[in-house]
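J.: structure, please.
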Amino acid sequence: MRLGLRRAGSFHVLLIAGAAAASFPVAASAAEWVALVGGRLRVRPPYEGADHYVVSPYPTLMIRRSDRPQRFVPPDGGGTFGLIDTKHVVAGPALRFRYRRSDRAEFAGLDRIGVATEPGVFVDVWPKPWLRGRVEVRRGFGGHEGWVGDLAADVIYSKGPWNASIGPRVGFGDSEYMFTYFGVTPQQAAASPVINRAYDPGGGLRYTGLTVSVARQFSRRISGTADLGYTNLARRADDSPIVRRLGSQGQVSFGVGVTYLLGKIL
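T.: Numbering: from 1, shown residues only. Model (predicted):
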């Protein structure tokens, strides 16, 4: 397993989070918003199917109205801004990033994939205070131009200063996304020193997985989080010669972080 330190992809996220945090006091005074800000250190594969891991800083930014309850959500969902925030439904914009894939060494002959930005939307459904369902739909720009979707469900436990959650994860991708990361053209197969066959995965299921999270409230404003996730590539992705020869079907991610609550606490 190879481990590296990456900063480029996180730099774009830090700029966005910094700008939002800088403008927060104005928004809070006008509309009584509160924001959970902080940072996480994440260990994860740089892209789906990779056989190595990168360590990267990642900001935390969750904004909600001050008259809404503070609900624990697993940190693997990234930042959230609930433009719609009711007792049972929270919805708003979503943003994620993927690192690049090299075209050197064993990847010679394959296309280089740049950093991908994925803006989109999310919807959280809370049928019970201890049960959350989540849907994300995003469109890629840069490294890929496809559509991706992710589904999640979490059982949440809260007692005293502790919060914890566990739940499944499922991901989907259209044919554009899947071919970018798992497809091989005949020309690429002929040029690659490792891969000897073309492959078109088509669109469909990307992965299945499970995530476990735990959080500790140290004060009314400061809390710490940790999460551990595992994903297993689905057949369309796992059958790719890129994964079979140069990657890994199973992938683990881990993160730890600290957050601080800005704004009025009711």
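J.: sec struct for the residue lying farthest from the centre of the chain, please.
T.: Going by Cα atoms, centre = their mean, the residue of the chain most distant from its centre is residue 190, 34.0 Å out. In three-state terms, and counting by DSSP: H, G, I helix; E, B strand; the rest coil, residue 190 is helix.
J.: the nearest residue to it once chain neighbours are set aside: neighbouring residues, count only.
T.: Leaving aside its sequence neighbours, residue 190 sits nearest to residue 109 (Cβ to Cβ, 6 or more residues apart in numbering; 7.7 Å). C-beta coordinates here come from the backbone N, C-alpha and C atoms, glycine included. For residue 109, the neighbour count with other Cβ atoms under 10 Å is 17.
J.: what of residue 193?
T.: With other Cβ under 10 Å as criterion, residue 193 counts 10.
J.: would you confirm that it contacts residue 104?
T.: No. Contact criterion Cβ atoms under 8 Å: residue 193 and residue 104 do not qualify, at 11.6 Å.
J.: any idea how far residue 157 is from residue 165?
T.: Going from residue 157 to residue 165 by Cβ to Cβ, to the nearest Å gives 7 Å.
J.: those two: who's more crowded?
T.: The neighbour comparison of residue 157 against residue 165 (other Cβ under 10 Å) goes to residue 165, with 24 against 12.
J.: just how off-centre is the strand or helix carrying residue 210 within its chain?
T.: Using DSSP states H and E, residue 210 maps to strand 204-217. Taking Cα atoms, centre = their mean, to the nearest Å, the mean C-alpha location of strand 204-217 is offset from the chain mean by 10 Å.
J.: tell me the SS of residue 196?
T.: coil.
J.: excluding covalently adjacent residues, which one is nearest to it?
T.: Nearest non-adjacent residue to residue 196, counting by Cβ to Cβ, 6+ apart: residue 189, 6.0 Å away.
J.: tally of neighbours for the one you found?
T.: Counted with other Cβ under 10 Å, residues neighbouring residue 189 total 17.
J.: what does residue 237 give?
T.: Residue 237 is flanked by 24 other residues according to other Cβ under 10 Å.
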